[in-house]
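A.B. asks: got a sequence here, can you build the structure:
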Amino acid sequence: MNMTLKCHFEGIFSVWFLSVLWLILPPTANAHNGPPFPIIENRRVGPCIISLWTHPDVGTGAFFIFVDPISGSAIPNDLKLQIGVQPESGRLPEAVYTAVQDDTGGRLQYKALVAFDRDEFWRVRLVLESGIFWFFCYRF
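C.D. replies: Okay, here's the model as predicted:
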């Protein structure tokens with residue numbers, strides 16, 4: 001079998017296999033389609049570099065905060081993070097959630113689960129606190 005025919009056969013088999021797999025798996029219901037997306041990326045805050053990503057599903061959404069030390073420094077041991085959310089319309093007061101350390105990745109990561117009752121635009125506030133520094137950032 002020559003290389004062109006072999007590649008064509010492998011491509012047809014892959015399409016067939018994925019089609020069968022799609023038909024036998026049960027459907028899922030997601031309020032948000034797609035991967036998490038960044039709100040803040042690689043921003044210097046005190047002795048840290050932070051990135052804030054979100055997966056804003058209606059019902060329970062997730063925020064992921066990645067914290068890396070700046071070269072030659074350390075992340076404070078007393079670091080606390082919070083996420084505040086409020087509908088942009090102002091129909092609800094801001095709700096604040098504490099982010100907890102999530103050891104699922106290979107780097108320091110925090111996660112906050114947040115209640116979103118509607119699919120609309122939300123204000124997001126990130127607060128970082130330690131004995132060394134304090135920082136907050138609004139995202140509209």
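A.B. asks: shaky segments in the chain?
C.D. replies: For the chain, applying pLDDT under 70 flags the ranges 1-34, 105, 134-140.
A.B. asks: all helices of it, in order?
C.D. replies: For the chain, applying DSSP state H gives helices covering 3-24.
A.B. asks: was I right to think residue 51 contacts residue 38?
C.D. replies: Yes. Counting by Cβ atoms under 8 Å, residue 51 does reach residue 38; the two are 6.4 Å apart. Every C-beta, even on glycine, is put in place using the N, C-alpha and C of the backbone.
A.B. asks: in terms of neighbours, single out the busier of these two.
C.D. replies: Set residue 51 next to residue 38 and count neighbours by other Cβ atoms under 10 Å: residue 51 wins out with 17 against 12.
A.B. asks: can you pull the contacts of the closest residue to residue 69 other than its chain neighbours?
C.D. replies: Nearest non-adjacent residue to residue 69, counting by Cβ to Cβ, 6 or more residues apart in numbering: residue 75, 5.1 Å away. Contact partners of residue 75, counting by Cβ atoms under 8 Å, 6 or more residues apart in numbering, are 47-48, 67-69, 108.
A.B. asks: closest to residue 87 among those?
C.D. replies: Within these, proximity to residue 87 (Cβ to Cβ) peaks at residue 67, which comes in at 27.6 Å.
A.B. asks: hang on, isn't the closest one packed against residue 108?
C.D. replies: Yes. Using Cβ under 8 Å, residue 67 is in contact with residue 108, at 4.6 Å.
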